[in-house]
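1. Following is a predicted model, sequence given first.
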Amino acid sequence: MKKVGNSSCNDGALLRMGLNDNKAGMQGLDKEKINKIIMEATKGSRFYENELKKDQQVNQRIEKMMQLKEKITTQQLLKAQLQVDKLVIELEQSRNLSSTIVHIDMDAFYAAVEMRDNPELKEKPIAVGSMSMLSTSNYHARRFGVRAAMPGFIAKKLCPHLTIVPLNFEKYSKVSKEVREILTEYDPNFMPMGLDEAYLNITEHLEKRLNWPEDKRRFFFNTERTTEKGGYSSSPVLFEDNTLLMDDHPEQRDQSVANSVVFGTSAEEVVKEIRFRIEQKTQLTASAGIAPNTMLAKMCSDRNKPNGQCRVAPERQAVLDFLKDLPIRKVPGIGKVTEKMLKALGIVTCSELYQQRALLSLLFSEASWRNFLDISLGLGSTHLEKDGERKSMSTERTFSEINTAEDQYSLCRELCRDLAQELQKEGLKGKTVTLKLKNVNFEVKTRASTVLSSVSTEEEIFAVAKDLLGTEIDSVAPHPLRIRLMGVRVSGFLSEEEKKYQQKSITSFLKSGKEISFLRLHAGKSNPECFTKNSEASPRGSFFDKKRAARQLNSENPPNETVGKQLFHDKKSSAHFVEETKKVTDLQNSNMCKIFTCPVCFEEQSSNNLEELNRHIDECLSGSLVKDTMEIPKNDNSRESTLNFLPQIKSENVDECQNKVDQLAGTDQSACTSDSCTSSSTEKFTQIISDKPHRERQPSNLSDIARNVCMKQCLLPKRISEDNEDLFEKTVHTEETSSSCFFEAKGDSVLVCPVCNSEQKTNSLVSFNKHVDVCLNKGLIQELTEKKDFPKTYNTENSNRVGGLIRGQQCTNPSQGTKRSGLTTSQSVSKKAKSSNSKNTIDMFFK
DNA sequence: CGGATCGAC
DNA sequence: CTATGTCGATCCG
């Protein structure tokens, strides 16, 4: 039995410290010991106090969420269920299993490189980083609880023999480049994620490869390599699992020349080949995941690491099976906080995430719950988008306490200098400057200011940053600002188009003088810093009160006003132009490959968007529905079609299909928003129902509980007594006119509680609703979580289905982008709490 | 727009 | 002693 709800657990900051399961190696420590040691090293520190504070904030968020949950009524939940399930259908329709995405992940990358290059380190627990912070550790060290993102001094307490190797990025970059040279052969558009990870789309490679002669798939062992021991390393690790190279075409192996190996043509073989080549070239091992989308591929690569690979077959059921018991924390985008919040709702696995989809849609923001839904359905991006233009650039530094204004200003200038250098390398200018400060209690603040003309030089950036800094210093005066970190960021870059306009404008407006002085200014870094100098350089009026003036200077811009305004104008119009063209191309793109299959007539519909498809389905429903002859056409795996509705229908029972039709029918009325339903939708609804009364209504899916209640018991064949027929009519009618509530007053009647299934005699809906509420609060969550329908398919058993009544919210563009949202509760946070909180923070910031 | 937060590497 | 640096996304006020 699963305990659900109010577990605002007080596991404190320990949770944050990333302890992991320890496979009880011969050496190493068990979890308990690790926790204890970390706690001893940690407690009482400023860092720890701050962690506790953050933890409490999370707990407050959870509490708020739970309060919100308490207030959710049955009706709301059921309605949400309907809406979400409509979306589920759309998402299912758009499921795309035709791509083969690979995620490659180098094993303990930095540590592995260091071990490779220094044989002394082999067999020893090592970590890469510093006493302050570790970037990674080898597997040996991990047995002691030494992990990435852990400070070295704590790691040393866990594992006194730990060797800490300083970072050497140049080396890692070089190795990374070697690996990328291999990857690019399989997908020239592969997407690197940091130095040690990458996504590949090998769909095209797989096709080409089918026709490749064996020799193109033959690779040789590296025999020249002289390892540390002078020996010859024949990559023993890779071949430890001898299944690795023997499946696909064993006969081809025999023909291979000594010291060579031939790989097959399957996706698995391709990935083995990639890993083989990586290891031969770099002596490093990689893990890999193969799946129909990036999210799954990433989770797959985690499955058999280190030095393993795993595949999720491109079948809906395989995807669902893979997700079934997978802890949500394994999902990219779900971090500690989200994990904890969901855990408070009793959600730990992906299947539970699916089961609670209705609740989640009420408790979280749209972006969040939609993300959750994608996750629980196993949807992710099926193509690798090249990353767009950079949005910001920043630099920050941690140091031992700095508390004098002078030091802080000069540090700030230094950061601006570094940043300006980087900005100019990429030829970027931004309009927003953000200053970041972390005080000695680890509390972080950011302060931003946006100016009219974009900045890129040290002087320009510093002019803005110093004001922000000055304001912060003032705000604590007469106390010193005690900081341990400062950072400067520039954002709000001009887009490519805007740049062109700007260049034109600049060349036409600015004559040589100013421009050159801009370009040359930073080269002569002779200025021995000091902010006083800068304030001299700023416009007049700043020499009264340094600090007051500083605050007003926000919108100073070196060129004259008219230029600034002119630029602004141009930028706007050009941005508009860009947007328009983008729309057009987007449309064209989406035109290209989207073919929907109408779930009613089963004909392929090429359409721009869902709305159009829905319109078609509408027509089908009102026109040909009566025929009710649902021929299921033969459908071989046409890899072309991006949308695979048919195969699903095939694999599910007919009733499931009917379920979808019902829902679609009930949803298309976009006027049927939130709390009101138009009569036309109700008409259609009754039509469908009366058209298909003969169809045996089988238990369908969880969400039918929602429909049950929506349509009241009148549509539940088993529970409808004959004399309720009348009720049905009235009911529908009532809904037509007033449907602010799913339950309409009906005089004396016997209603069946959709939760506990018991009959409830009521004379008022209020009392019945109350009963359902109570029932629901007690049992629904639990009941839903206990459903065992996940493995088979998400949409299965439950009792007594009825047609749907769904609000016509537009859910266009099921594009399954790569975006992963952060998380927030959708409801507003109490202002009081927040402001008092921030006040506290401000007070505390300078103690 | 500004500030805070989350999450990934 | 000693708890990173950079970036993107999202949400709310």
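-> Cool, got the structure.
2. Can I get the host helix or strand of residue A:368 as CSV, trimmed to CA atoms?
-> Using DSSP states H and E, residue A:368 maps to helix A:366-377. Output of helix A:366-377 as CSV, limited to C-alpha atoms (Å, rounded to 0.1, in the frame of the first residue of the first chain):
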residue,chain,number,x,y,z
GLU,A,366,0.5,24.4,-18.2
ALA,A,367,4.1,24.0,-19.4
SER,A,368,4.8,21.8,-16.4
TRP,A,369,2.0,19.4,-16.6
ARG,A,370,2.2,19.1,-20.4
ASN,A,371,5.8,18.2,-19.9
PHE,A,372,4.8,15.6,-17.4
LEU,A,373,2.3,14.3,-19.8
ASP,A,374,4.9,14.0,-22.6
ILE,A,375,7.1,12.2,-20.2
SER,A,376,4.6,9.7,-19.0
LEU,A,377,3.7,8.9,-22.6
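3. mind listing what's buried in whatever helix or strand comes next after it?
-> The helix or strand immediately downstream of helix A:366-377 is strand A:392-402, counting by DSSP H and E. Buried residues in strand A:392-402, counted by 16 or more other CB atoms under 10 Å: A:393, A:395, A:402. (Glycine included, C-beta is placed from N, CA and C.)
4. And for the residue of the stretch 251-400 of chain A found nearest DNA strand B, nearest residue in space, chain neighbours not counted?
-> Relative to DNA strand B, the nearest point of the stretch 251-400 of chain A is residue A:335 (2.1 Å; CB to the nearest atom of the strand). Among residues not flanking residue A:335 along the chain, residue A:329 sits closest, at 7.9 Å (CB to CB, 6 or more residues apart in numbering).
5. sorry, back to before: counting neighbours, what do you get for the residue of the stretch 251-400 of chain A closest to DNA strand B?
-> 13 (other CB atoms under 10 Å).
6. just residue A:198 next, same as before
-> 24.
7. next one: residue A:313
-> Applying other CB under 10 Å, we find 15 other residues in the vicinity of residue A:313.
8. Please apply the same query to residue A:103.
-> 28.
9. In terms of helix, strand or coil, where does it fall?
-> Taken by DSSP: H, G, I helix; E, B strand; the rest coil, the conformation at residue A:103 corresponds to strand.
10. Pull up the per-residue confidence for residue A:791.
-> The model reports residue A:791 with a pLDDT of 36.
11. hang on, the residue nearest to residue A:335 is in a helix, isn't it?
-> Yes: with three-state DSSP as the criterion, residue A:329 is part of a helix.
12. Now do it against residue A:267, distance only.
-> As defined by CB to CB, to the nearest Å, residue A:329 lies at a distance of 27 Å from residue A:267.
13. Also residue A:130?
-> Taken as CB to CB, the span from residue A:130 to residue A:267 is 40 Å.
14. quick one: the strands in the stretch 51-200 of chain A?
-> Assigned by DSSP state E, counting those that start in this stretch, the strands in the stretch 51-200 of chain A fall at A:101-106, A:126-129, A:134-137, A:163-165, A:191-192, A:197-201.
15. Pull up the pairing partners for the second one, direction included.
-> Yep, that's strand A:126-129 we're talking about. If you go by DSSP bridges, strand A:126-129 pairs up with strand A:134-137 (antiparallel), strand A:163-165 (parallel).
16. how about the longest one: buried residues?
-> Think strand A:134-137. Buried residues in strand A:134-137, counted by 16+ other CB under 10 Å: A:134-137.
17. can you list the weak-confidence ranges in chain A?
-> A:1-26, A:225-256, A:496, A:499-847 (pLDDT under 70).
18. Can you name the residue of the stretch 201-350 of chain A nearest DNA strand C?
-> Closest point on the stretch 201-350 of chain A to DNA strand C, by CB to the nearest atom of the strand, is residue A:333, at 8.8 Å.
19. tally of neighbours for that residue?
-> 19.
20. right, and it touches residue A:371 too?
-> Yes: with contact defined as CB atoms under 8 Å, residue A:333 reaches residue A:371; the gap is 6.7 Å.
21. Among the strands paired with strand A:126-129, which comes closest to DNA strand B?
-> Nearest to DNA strand B, of all those, is strand A:134-137, at 9.1 Å by CB to the nearest atom of the strand.
22. returning to what we had before: with distance to residue A:157 added, can I get the strands paired with strand A:126-129 in CSV?
-> Compiled in CSV, those are given as follows (distance: least, CB to CB, whole Å):
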stretch, distance to residue A:157
strand A:134-137, 13
strand A:163-165, 13
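23. hang on, residue A:289 in a strand?
-> Yes: secondary structure of residue A:289 (three-state DSSP): part of a strand.
24. Tell me which of the strands paired with strand A:126-129 sits nearest to residue A:424.
-> Smallest distance to residue A:424 across the strands paired with strand A:126-129 (CB to CB): 28.5 Å, for strand A:134-137.
25. Restricting to C-alpha, output the closest one in CSV.
-> Taking C-alpha atoms only, strand A:134-137 is exported to CSV below (Å, rounded to 0.1, in the frame of the first residue of the first chain):
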residue,chain,number,x,y,z
LEU,A,134,34.6,18.1,-8.0
SER,A,135,33.5,17.7,-11.5
THR,A,136,33.5,13.9,-11.6
SER,A,137,34.9,10.8,-10.0
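26. and that strand, anywhere near DNA strand B?
-> No: contact of strand A:134-137 with DNA strand B (CB under 7 Å from any atom of the strand) is absent, the minimum separation being 9.1 Å.
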